[in-house]
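Participant: give me the fold of what follows.
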Amino acid sequence: MTVRNRLLNLLFIPLTVLGLNACSEPSETTATAPNLLQQAIDSETRSASNRARDEFRHPAETLEFFGIQPTSTVVEISPGGGWYTEILAPYLKDEGLLYAAHFPANSSREYYQRSRQAFMERVTNDAAFSAVVVTEFAPLSDSVIAPPESADMVLTFRNLHNWYMGGGEEAVQDAFMQFYSALKPGGVLGVVDHRLPEMRPDEDMASSGYMKESFAIAMAESVGFELAARSEVNANPNDTADHPRGVWTLPPTLGLGDDDREKYTAIGESDRFTLKFVKPKS
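Facilitator: Residues are numbered from 1 along each chain as shown. Got it, this is the predicted structure:
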């Protein structure tokens with residue numbers, strides 16, 4: 001499918017869906033946004049294994065830092081199995097709109113196909129996911145994550161390292177360009193990833209799964225974003241970012257199996273930077 005046809009498909013999303021975000025006046029729902037967000041986080045529709053990771057991922061504090069509202073139009077980049085989608089989908093369902101920019105349908109990688117198919121099945125069968133609009137995303141491709149300048153917010157969680165390891169600086173910069181295009185002027189880009197200490201060699205980003213915060217900022221600013229704020233909500237001072245199998249040594253992967261399992265479980269999930277960027281209004 002061409003870029004033009006993909007974009008046309010997005011533009012002709014049923015009005016009953018787009019109309020959910022058409023109201024410009026503040027609502028009672030917006031006024032109680034934090035309560036609604038916590039309700040979505042506490043919902044029993046979320047899997048128990050996902051809820052168990054809240055202590056490391058801090059979804060309420062992270063999403064509030066980015067400034068999400070129930071009326072927002074949000075693009076979630078590479079949602080995978082839907083960890084954050086389990087929160088975003090019900091939170092945005094009534095008044096907002098959620099685009100899930102998943103792996104391309106024509107990807108030749110078997111893992112990507114399996115992941116996308118599992119996600120699509122959930123969109124079809126899970127009532128909480130029923131209003132999610134699935135699009136596509138891949139760096140250095142003709143993917144369309146959302147109609148141009150339609151989104152209030154683009155969110156990416158622990159993805160930069162994958163793009164960098166797969167395509168280097170060019171892939172990361174292209175990803176940020178796609179985000180910039182999808183956002184309205186004044187829109188927010190929220191970025192979370194595993195943090196590599198600044199004193200470490202840049203080469204360590206090539207295979208460790210950790211990224212320098214300065215690199216993420218430089219890539220975002222190179223396409224026009226402005227850094228609005230940083231948060232340490234996802235910081236973990238116990239993580240040295242120097243492990244035998246990189247970030248995958250730590251939970252939840254525990255790539256060494258039973259070797260030093262207690263040691264790495266005690267460290268917890270990785271140290272992460274949390275960055276809020278804004279697309280300038282002019």
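
Participant: any idea which helix is longest in the chain?
Facilitator: Looking across the chain with DSSP state H, the single longest helix is helix 160-182.

Participant: run the chain-centre distance for the helix or strand just after it.
Facilitator: Tracing the chain C-terminally past helix 160-182 and defining elements by DSSP states H and E, one meets strand 183-196 next. How far strand 183-196 lies from its chain's middle: 9 Å, per CA atoms, centre = their mean, to the nearest Å.

Participant: gap between S222 and S208?
Facilitator: 23 Å (CB to CB, to the nearest Å). The C-beta positions use only the backbone N, C-alpha and C, and glycine is treated the same way.

Participant: tell me which of those two has more neighbours.
Facilitator: Neighbours around S222 and S208, counted as other CB atoms under 10 Å, are more numerous at S208. The numbers are 21 against 13.

Participant: so how far is N238 from that one?
Facilitator: According to CB to CB, S208 and N238 sit 17 Å apart.

Participant: ditto for T135
Facilitator: To N238, T135 is 37 Å away according to CB to CB.

Participant: again, but for S107
Facilitator: Computed as CB to CB, the S107 to N238 distance reads 36 Å.

Participant: compare these two (neighbour count), which wins?
Facilitator: S107 (16 against 11).

Participant: contacts only, for the nearest residue to S270 once chain neighbours are set aside.
Facilitator: Taking CB to CB, 6 or more residues apart in numbering, and ignoring the residues beside it in sequence, S270 has H194 as its nearest neighbour in space, at 4.4 Å. By CB atoms under 8 Å, 6 or more residues apart in numbering, the contact set of H194 is R158, H161, G209, Y210, M211, A241, V247, S270, D271, R272.

Participant: among the residues you listed, which are in strands?
Facilitator: Members of the contacts of H194 lying in strands (criterion: DSSP state E): M211, R272.

Participant: give the burial count for the closest residue to F103 other than its chain neighbours, as a bare number.
Facilitator: Nearest-residue entry for F103: Y112, 3.8 Å, with adjacent residues in sequence omitted and distances by CB to CB, 6+ apart. The burial count assigned to Y112 is 17, neighbours taken as other CB under 10 Å.

Participant: need the next SSE after the strand or helix carrying Y112, C-terminal direction.
Facilitator: For Y112, the enclosing helix or strand under DSSP H and E is helix 110-125. Where DSSP H and E defines the elements, the next helix or strand beyond helix 110-125 is strand 133-136.

Participant: quick one: contacts of that following strand?
Facilitator: So strand 133-136 is contacted by 6, 10, 13, 17, 75, 97-105, 119-120, 123, 143-146 (CB under 8 Å, 6+ apart).

Participant: just the buried ones from those residues, in ChimeraX syntax?
Facilitator: The ChimeraX command for the buried members of the contacts of strand 133-136 (criterion: 16 or more other CB atoms under 10 Å) is given here:
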select :6,10,75,97,98,99,100,101,102,103,104,119,120,123,143,144,145,146
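
Participant: mind listing what's buried in stretch 225-238?
Facilitator: Applying a neighbour-count criterion of 16+ other CB under 10 Å, the buried positions in stretch 225-238 are F225, S231, V233, N234, N236.

Participant: M199: which of those residues is nearest?
Facilitator: Comparing those against M199 with CB to CB picks out N236 as the nearest, at 17.7 Å.

Participant: first vs last residue of stretch 203-214, how far apart are they?
Facilitator: Using CA to CA, to the nearest Å, the span of stretch 203-214 from its first residue to its last is 14 Å.

Participant: for stretch 140-155, same thing?
Facilitator: Between the start and the finish of stretch 140-155 there is a gap of 18 Å, counting by CA to CA.

Participant: identify the residues contacting A216.
Facilitator: Applying CB under 8 Å, 6+ apart, the residues near A216 are L160, V191, D193, F273, L275.

Participant: my bad, should have said P59
Facilitator: By CB under 8 Å, 6+ apart, P59 lies in contact with I41, Y84, I87.
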